[in-house]
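Asks: I'd like to go over a predicted model; first the sequence, then the structure.
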Amino acid sequence: MAICDAKYRFLWVDIGSYGRDNDAAVFGRSDIAKLLETGDAGLPAADEEGGLNLPYYLVGDEIFPLRQWLMKPYPGKNLTLDQQIYNYRLSRARRTIENAFGILSSKFRIFRSPIIANIDLIDLIVQACTVLHNYLLLTDNAKYLPSGFVDSYDSSGNITDGAWRTEPPAEGLVPLCNQGNRNAPNVAKATRDMLRTYVTSDEGSVSWQHAHVTDVGPIRE
């Protein structure tokens, strides 16, 4: 499990959990989750945008629990247009971590199949790969991340899939099981509603979001 920045660099990684473990077990016992829960993770203070006091937060998919510092999509199919737009904007943001893992598994071929080694050595291998990944992004970006390798976007918001997506799935990396916390705190729900208001406002919207949502129908999760 990992957190990355907008440049595909890993900021935090949790290594060693089993693929059959659910997200609540893996994320809940991690150091970063405990720091985020107590407010000691070092997230910047909220900023005022469009008259709203917007917090900094992580972006996750539906398997994660909704928290004020961790936003996930609205569940269900019968969503309002504003909720669909919010889910669409969130899904675009989530592509960043998808690309980070895609780069890692494509460049470090050891992840193309299950690693045959003892657990301690596997932990060290994964740590080394994530560190080298960050180092190469900082020092040899043009060769490590050539044009067209990751997802790109045009001025109308259309997405062109990166070349890494054409490769077979990395069998050494497996998705977590879905067992998210359904009892989200009211403050987290209020934060998500506030962000939905912002991304559909004049200040926070992008010109093409409405067309993309109405063209493809409800956003699937």
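Replies: It's in.

Asks: Please report the distance of Leu58 from Leu70.
Replies: If you measure Leu58 against Leu70 using Cβ to Cβ, to the nearest Å, the figure is 5 Å. C-beta here means a position set from N, CA and C on the backbone, and glycine is covered the same way.

Asks: Give the residues shared as contacts by these two.
Replies: Leu36 (Cβ atoms under 8 Å, 6 or more residues apart in numbering).

Asks: Phe101 touches Ala2, doesn't it?
Replies: Yes. Here Phe101 reaches Ala2: they are 7.3 Å apart, a contact under Cβ atoms under 8 Å.

Asks: what about the strands in this protein?
Replies: Listed from the start of the chain, the chain has strands (DSSP state E) covering 2-4, 10-13, 47-49, 52-54, 58-59, 70-71, 152-153, 159-160.

Asks: and Ile103, how many neighbours?
Replies: 21 (other Cβ atoms under 10 Å).

Asks: The lengthiest helix in the chain - contacts with which helices or strands?
Replies: With DSSP state H setting the assignment, residue counts place helix 81-107 as the longest helix in the chain. Helix 81-107 sits against strand 2-4, strand 58-59, helix 119-139, helix 186-199, helix 209-216, with contacts defined as 3 or more Cβ pairs under 8 Å, 6 or more residues apart in numbering; DSSP states H and E.

Asks: From Ile115, how far out is Pro146?
Replies: Note on Pro146: its distance to Ile115, by Cβ to Cβ, is 26 Å.

Asks: The two: which has the busier surroundings?
Replies: In this comparison of Pro146 against Ile115, neighbours counted by other Cβ under 10 Å, the higher total goes to Ile115 at 15 against 10.

Asks: Skip the chain neighbours and tell me the closest residue to the more buried one.
Replies: Ile122 (5.2 Å; Cβ to Cβ, 6 or more residues apart in numbering).

Asks: got it, and Thr160?
Replies: Excluding the flanking residues, the one nearest Thr160 by Cβ to Cβ, 6+ apart is Ser152, at 4.8 Å.

Asks: so that neighbour touches Asn158, yeah?
Replies: No. The pair Ser152 and Asn158 fails to qualify as a contact (Cβ under 8 Å) at a distance of 9.3 Å.

Asks: Tell me how many other residues surround the residue nearest to Ile115.
Replies: Ile122, neighbours per other Cβ under 10 Å, totals 17.

Asks: Kindly report the same for Pro73.
Replies: Here the count is done by other Cβ under 10 Å, and Pro73 has 24 residues near it.

Asks: Test my guess that it contacts Glu62.
Replies: Yes. With contacts counted by Cβ under 8 Å, Pro73 reaches Glu62, the gap being 5.8 Å.

Asks: who are the neighbours in contact with the closest residue to Leu11 other than its chain neighbours?
Replies: Of all residues not flanking Leu11 in the chain, Ile3 sits nearest, at 5.0 Å (Cβ to Cβ, 6+ apart). With contacts taken as Cβ under 8 Å, 6+ apart, Ile3 has the following neighbours: 10-13, 32, 58, 97.
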